[in-house]
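*Asks:* Got a predicted structure here, sequence first:
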Amino acid sequence: MLVKQSVGKLISDNGVYQWVVSGIMVKELRAQKSMGVRMGQGRGPPAPDGGWGWAVLLSCFVVTGFSYAFPKAVSIYFKELMRDFGVGYSDTAWISSIMLAMLYGSGPVSSIMVNKFGCRPVMLFGGLLASAGMVAASFTTNIVQLYLTAGVATGMGLALNFQPSLIMLGCYFDRRRPLANGLAAAGSPVFLSALSPLGQVLVDHFGWRGGFLIMGGLLLNCCTCGAVMRPLEQKQNKEVRGEASAQELKEMITSKTGQDDSSKSEDCTEQSEKTNMKNRKKLLDFSVLRNKGLVIYIITKFVAILGLFVPTILLVNYAKDQGIPDHEAAFLLSIIGFVDIFARPTCGLVAGLKRVRPRMAYFFSLALLFNGLTDVCSARSTSYIGLVVFCVFFGLSYGMVGALQFEMLMGIVGTRGFSSALGLVLLIEAVAVLIGPPSAGERSGRHGRARREELCNLWKFLIKRKVRKEKEGQIIARTEICAKRND
């Protein structure tokens, strides 16, 4: 408004006021085209809420499914990796942890690339990188190479697909955005239900190397999803068509009003640019940390994420160690996915009720408590029936947490601070994801070794006791024989 009023005073007598304001709008529209259409921020074109947006929604569904389900489905191959590379639970759990940490922690890198190149090129590159990482992983010879290929490369590729897909989904949907986000989030349990049994079939027929190679080919579908992400076209105002650049308009102002008026216009333009820079800085606004509620939320999510992904990553190996067949063990992840598919939308509907929504914090705390108690009870599940019951309750609690976490965050910081708060929360969660599963795998390995040592000691004790009894029996028999001879 400052620019508009100042320029109006300068040149309103010359009869070209509207033209110069339109010229300034040309520059503003060009800035919006470079930032708004690519980043999904600023004053972009209106969201169609349908049309091609449904194709974008389907692509986001696929990308979300690969991003969240793929790191968990890789756990199907851990048993074979432990046997071939001679490593333990903790070493193999690092693969999924690194993949998830890259997915959560690469948000700033993805934002920079989207800002510079746009959503579609970044997603195409991310799909190629994710696929190349899994293909390269099929030729590795040690566990460290798997960390770099399947963990870092594939995780980075998934991150470069996940965030741009959500940005484009927000560009295409406004009024129906909650519905679109809910349908896109359902991709995670759907793909988890499909990738787990598929991975076991691939292991049985082609081994883990062939399975990694085929999985890498499946990740090329992310490139197809990236090609669908067509940027919305910016409709220009008729008044600004045919206008040149801001520099030409600046020269016209100089010729009409003189050097002094031009300098005033430059000052106003500089103030406008400073205002724009201030608005851009809000994208990386750390002042949201002054909100005590957000700090509590971050601490809560860090503690929760430490164990949230542990069951899905280590469940299959744990079931196999209990003597459960491979196919039945792999199907446990599918059970979690099936329950999660229905738990998320149902929990979202309940959270939207008038009596529940004002008490969202209590509802979210109940979901976290339910999930934690489910994990504690899982330690007593050793039979297949017990593990199935655990998967049903874990899928329900996992879906509740997934459906409520972002709604809870938006309720704390509001819509303005949601972008910055979400980035900070994801960075903290990346650290927790990197620590939790490997630590649990190490404890699981120690627990398994301790149980084996206890069993060995028990067998040794029983054998020694049996041998001792046999020796005592032999001694008694010899004593009786000698006594009879003496008689």
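*Replies:* Nice, I can see it. Numbering: from 1, shown residues only.
*Asks:* can you count the residues close to the nearest residue to Leu387 once chain neighbours are set aside?
*Replies:* The shortest distance from Leu387 to any non-neighbouring residue, by Cβ to Cβ, 6 or more residues apart in numbering, is to Ser381 (5.0 Å). In this view, the C-beta of every residue, glycine as well, is placed from N, C-alpha and C. By other Cβ atoms under 10 Å, 18 other residues sit near Ser381.
*Asks:* Need the pLDDT of Leu369.
*Replies:* Turning to Leu369, the model gives it a pLDDT of 90.
*Asks:* and the host helix or strand of it, what other elements does it pack with?
*Replies:* Secondary structure from DSSP states H and E places Leu369 in helix 360-378. Counting contacts by 3 or more Cβ pairs under 8 Å, 6 or more residues apart in numbering; DSSP states H and E, helix 360-378 packs against helix 292-308, helix 310-321, helix 326-351, helix 384-413.
*Asks:* go again using 6 Å as the cut-off
*Replies:* Judged by 3 or more Cβ pairs under 6 Å, 6 or more residues apart in numbering; DSSP states H and E, helix 360-378 is in contact with helix 384-413.
*Asks:* got the buried residues for the helix it packs on?
*Replies:* Buried residues in helix 384-413, defined by neighbour count with 16 or more other Cβ atoms under 10 Å: 384, 387, 389-391, 393-405, 407-409, 411-413.
*Asks:* now do stretch 202-215
*Replies:* Neighbour-count burial for stretch 202-215 flags 202-203, 208-209, 211-215 (criterion: 16+ other Cβ under 10 Å).
*Asks:* Which single one of those residues is nearest to Lys292?
*Replies:* Ranked by distance to Lys292 (Cβ to Cβ), the buried residues of stretch 202-215 are led by Met215 at 43.7 Å.
*Asks:* returning to what we had before: just the closest of the buried residues of stretch 202-215 to His327, please.
*Replies:* Using Cβ to Cβ, the shortest approach to His327 within the buried residues of stretch 202-215 belongs to Val203, at 10.1 Å.
*Asks:* isn't that closest one right next to Gly211, touching?
*Replies:* Yes. Taking Cβ atoms under 6 Å as the definition, Val203 is a contact partner of Gly211 at 5.3 Å.
*Asks:* Secondary structure element for Thr382, which one?
*Replies:* Applying DSSP H and E, one finds Thr382 in no helix or strand.
*Asks:* quick one: contacts for it?
*Replies:* For Thr382, the contact set (Cβ atoms under 6 Å, 6 or more residues apart in numbering) comprises Gln322.
*Asks:* Backbone torsions only: list them for it.
*Replies:* As for Thr382, its main-chain torsions (degrees, to the nearest 10) stand at phi -120, psi -20.
*Asks:* Then Arg230?
*Replies:* Arg230 has phi and psi values of phi -80, psi 120 when expressed as degrees, to the nearest 10.
*Asks:* pLDDT score for the residue nearest to it when sequence neighbours are not counted?
*Replies:* In this structure, Arg230 finds its nearest non-sequential neighbour in Trp52, 6.4 Å apart by Cβ to Cβ, 6+ apart. If you check Trp52, the pLDDT there is 85.
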